[in-house]
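Q: below is the sequence, then the predicted model.
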Amino acid sequence: MKSMVFASRNSKELLRDPLNLAFMIGFPLVVLFLFSIIGANAPESVFEVGNMAPGVAVFGYSFIALFSGTLISKDRTTSFLMRLFTTPLRASDFIIGYILPLLPMAILQSAICFIASIFLGLKVSINLLLALVVLIPAAALFIGIGLLVGSIFNDKQVGGICGALLTNLSAWLSGAWFDVRLVGGVFETIAYLLPFTHAVDAAKAAISGDYASILPHLLWVVGYAVIILTVAIVIFKKKMNSDKV
Amino acid sequence: MIAIKTIDLVKKYNEKNAVNKLNIAINKGELFSLLGVNGAGKTTTIKMLSCLISPTSGDALLLGDSIVSKPYAVKEKINVSPQETAVAPNLTATENLVLIAEIYGNDKKTAYAKANEMISTFGLAEVAQNRAKILSGGMQRRLSIAMALISNPQILFLDEPTLGLDVLARRELWSAIEKLKGKITIILTTHYMEEAEALSDRIGIMSNGELKAVGTPAELITKASAKNFEDAFVALATDGGIQL
């Protein structure tokens, strides 16, 4: 119950910032429409809307990580979190409270991305709902990255790590902007050692109805999500009990 | 009845004693001020007593519960207004108050009733629906203290509550704090001598992590053979100190 109270506060903090809304919803849509224009004049299949939509959805999660990390970091640096640490809230209340509001936001962000893609030619199918479900572990992964980075760094550093590094990593190494197999070699190997391309490929497989290909990719994403969330929770709990919040 | 009792409370940072063997007893309903120069150990003491940091050794009992073995029992009874104005920036003043009330277990209806009571008590009616981030420094400070009181704490920690406020806002806050005297136990840290003198039942003077002297303002002036309280503070904070 107390975690829900804290989660409600965090939802309000995030949704009442117009910049958050603009980036979380607006920016992925801009990228989507931009790619659709490029796709109309390019033979490359990555710009086909069925390939493009999952990539942009995963790319959009980097903003979820950015804003969750910034919220946690600001709570730390403004002493708001220190105040809450003196209340009866427990570690689990904080972790649930920070993670819970972001999951529906991430799903909504992807749903908006898919709806926009329908207007660009994406076939309406039940598989789109499956793709939304398949993307949940990726959303959890990015939320975990936000929690982890926000627990360690100040808000400016979070901006650098999530706003610059993570957005670029998730754009270049996810196949959102181009097919990593076209580059091949070490780049492709690295891309497939990281979770981003797997998240995009799992969602692509879901949309295309290639159900057998979903699980092998999804396992990579789930593995990364579990590891990152576990590390984030351990670090957050450690911060709670440390002398310096 | 004793509300707070510290037993050889120690906090070390890299072998430096931030607080060294603090032994203090504060009565229920008392307003006790901790006074000292920067780095004297006031805030570290408050952080330990409010279960924010663990002591290196020693313990403190708050209304019978140990900060070491029963921190969550302690947290149910206390509240803190930190040195920095710690409010949720995108929530309104009312929502900030409701948030804290609900965290302490009040249902929504009770939380709003208590929030309205605090808004009235602390003169926040005009800004109740404004987001905290656009409030003036004085209003934010009032809100911060109201947030610390909405849980009806038995022990309240006020860490430099008037820091950065203008004279009028400071006097208004003094008036609000004076109304609480006798009802709850208050531990106040401050740099302002006149604030400690005007508000406190007793004052503890800390220096280099140690409690140098404890007593009423008049007792401290007498013992230091000083002309006024500021002179007494300077004498006691720099000399060996006198236990009253």
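A: Nice, I can see it.
Q: let me know the secondary structure of B:Leu22.
A: Using DSSP: H, G, I helix; E, B strand; the rest coil, the structure places B:Leu22 in strand.
Q: my guess is it contacts B:Thr56, does it?
A: No: applying CB atoms under 8 Å, one finds B:Leu22 not in contact with B:Thr56, separated by 11.5 Å. From N, CA and C alone the C-beta is placed, and that goes for glycine too.
Q: quickly list what's touching both of these two.
A: B:Val10 (CB atoms under 8 Å, 6 or more residues apart in numbering or on different chains).
Q: so those two - more neighbours on which side?
A: B:Leu22 (25 against 15; other CB atoms under 10 Å in any protein chain shown).
Q: which ones are touching the nearest residue to the more buried one once chain neighbours are set aside?
A: Distances taken as CB to CB, 6 or more residues apart in numbering or on different chains put B:Leu9 closest to B:Leu22, at 4.1 Å, once the chain neighbours are dropped. B:Leu9 is in contact with B:Val19, B:Lys21, B:Leu22, B:Asn23, B:Thr45, B:Met48, B:Pro55, B:Ser57, B:Gly58, B:Asp59, B:Ala60, counting by CB under 8 Å, 6+ apart.
Q: next: A:Val124.
A: A:Ile118.
Q: so the residue nearest to the spatial centre of chain A is in which element?
A: Among the residues of chain A, the one closest to the centroid is A:Tyr61, at 2.5 Å (CA atoms, centre = their mean). Using DSSP states H and E, A:Tyr61 falls within helix A:49-77.
Q: for that helix, the averaged confidence score.
A: Taken as a whole, helix A:49-77 carries a mean pLDDT of 90.
Q: buried ones in it?
A: For helix A:49-77, the neighbour count (16 or more other CB atoms under 10 Å in any protein chain shown) marks A:49, A:51-77 as buried.
Q: then stretch A:126-136?
A: Buried-residue list, stretch A:126-136, by 16+ other CB under 10 Å: A:Asn127, A:Leu128, A:Leu130, A:Ala131, A:Leu132, A:Val134, A:Leu135, A:Ile136.
Q: would you map the strands across the chain?
A: Since you didn't name a chain, this refers to chain A. Counting by DSSP state E, no segments of chain A form strands.
Q: chain B is the one I meant
A: Going by DSSP E, chain B shows strands at B:2-13, B:16-27, B:31-35, B:57-62, B:65-66, B:78-81, B:155-159, B:185-190, B:202-207, B:210-215.
Q: off-centre distance for the second one?
A: Averaging C-alpha positions (CA atoms, centre = their mean, to the nearest Å) puts strand B:16-27 15 Å from its chain's average.
Q: remind me what the lowest-mean-pLDDT helix or strand in chain B packs against, helices and strands.
A: Sorting the helices and strands of chain B by mean pLDDT, DSSP states H and E puts helix B:167-180 at the bottom, at a mean of 84. When contacts are defined as 3 or more CB pairs under 8 Å, 6 or more residues apart in numbering or on different chains; DSSP states H and E, helix B:167-180 sits against helix B:137-149, strand B:185-190, helix B:193-199.
Q: which stretches of chain B have low pLDDT?
A: B:239-244 (pLDDT under 70).
Q: return the residues of it in contact with chain A.
A: B:13, B:50-54, B:72, B:75-76, B:78-80, B:82-84, B:86-91, B:95, B:99-100, B:102-105, B:131, B:147, B:151 (CB under 8 Å from any CB of the partner chain).
Q: in helices only, show me those.
A: B:Tyr72, B:Lys75, B:Glu76, B:Glu95, B:Leu99, B:Ile100, B:Glu102, B:Ile103, B:Met147 (DSSP state H).
Q: how about TSV for those, with neighbour count added?
A: Below are those laid out as TSV (neighbours: other CB atoms under 10 Å in any protein chain shown):
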residue	neighbour count
B:Tyr72	12
B:Lys75	25
B:Glu76	16
B:Glu95	19
B:Leu99	23
B:Ile100	27
B:Glu102	24
B:Ile103	21
B:Met147	27
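Q: now do the buried residues in stretch A:164-182.
A: Buried-residue list, stretch A:164-182, by 16+ other CB under 10 Å: A:Leu166, A:Thr167, A:Ser170, A:Ala171, A:Trp172, A:Leu173, A:Ser174, A:Gly175, A:Ala176, A:Trp177, A:Val180.
Q: same question for stretch B:36-54.
A: Those would be B:36, B:40-53, for stretch B:36-54 by 16+ other CB under 10 Å.
Q: repeat for stretch A:192-203
A: Counting neighbours by 16+ other CB under 10 Å, one finds that the buried residues in stretch A:192-203 are A:Tyr192, A:Pro195, A:Phe196, A:Thr197, A:His198, A:Ala199, A:Val200, A:Asp201, A:Ala202, A:Ala203.
Q: just the CA trace of that stretch, in CSV.
A: Output of stretch A:192-203 as CSV, limited to C-alpha atoms (Å, rounded to 0.1, in the frame of the first residue of the first chain):
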residue,chain,number,x,y,z
TYR,A,192,24.1,-9.6,-30.7
LEU,A,193,26.0,-9.9,-27.4
LEU,A,194,24.0,-6.9,-26.1
PRO,A,195,20.2,-7.1,-25.5
PHE,A,196,19.0,-4.3,-27.8
THR,A,197,19.0,-6.1,-31.1
HIS,A,198,17.5,-9.2,-29.5
ALA,A,199,14.6,-7.1,-28.1
VAL,A,200,14.0,-5.6,-31.6
ASP,A,201,14.2,-9.0,-33.3
ALA,A,202,11.8,-10.6,-30.8
ALA,A,203,9.3,-7.9,-31.4
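Q: pull the distance from that stretch to the chain's centre.
A: 13 Å.
Q: ok, and what's touching that stretch?
A: Contacts of stretch A:192-203 (CB under 8 Å, 6+ apart): A:53-55, A:57-58, A:131, A:134-135, A:137-138, A:141, A:169-170, A:173-176, A:180, A:191, A:213-214, A:217-218, A:220-221, A:223-225.
Q: now do that stretch, average pLDDT.
A: The model assigns stretch A:192-203 a mean pLDDT of 94.
Q: again with stretch A:215-235
A: 95.
Q: buried set for it?
A: So, applying 16+ other CB under 10 Å, buried residues of stretch A:215-235: A:His217, A:Leu218, A:Trp220, A:Val221, A:Val222, A:Tyr224, A:Ala225, A:Ile228, A:Leu229, A:Ala232, A:Ile233, A:Ile235.
Q: inside helices: which ones of those residues?
A: Checked against DSSP H, the buried residues of stretch A:215-235 include these in helices: A:His217, A:Leu218, A:Trp220, A:Val221, A:Val222, A:Tyr224, A:Ala225, A:Ile228, A:Leu229, A:Ala232, A:Ile233, A:Ile235.
Q: who are the contact partners of the fifth one?
A: To tie it back to what came earlier, the one meant is A:Val222. Contacts of A:Val222 by CB under 8 Å, 6+ apart are A:Pro137.
Q: please report how far it lies from B:Ile67.
A: A:Val222 is 41 Å from B:Ile67, where distance means CB to CB, to the nearest Å.
Q: same check on B:Thr44?
A: In terms of CB to CB, B:Thr44 sits 13 Å off from B:Ile67.
Q: check B:Asp107 too.
A: 29 Å.
Q: the more surrounded of those two?
A: In this view B:Asp107 and B:Ile67 are compared by other CB under 10 Å, and B:Ile67 has more residues nearby, 26 against 11.
Q: give me phi/psi at A:Lys123?
A: Taking degrees, to the nearest 10, you get phi -70, psi 130 for the backbone angles of A:Lys123.
Q: quick one, what contacts the closest residue to it other than its chain neighbours?
A: Closest residue in space to A:Lys123, ignoring its immediate chain neighbours: A:Gly50 at 7.4 Å, by CB to CB, 6+ apart. With contacts defined as CB under 8 Å, 6+ apart, the neighbours of A:Gly50 are A:Leu122, A:Lys123, A:Lys204, A:Ile207, A:Ser208.
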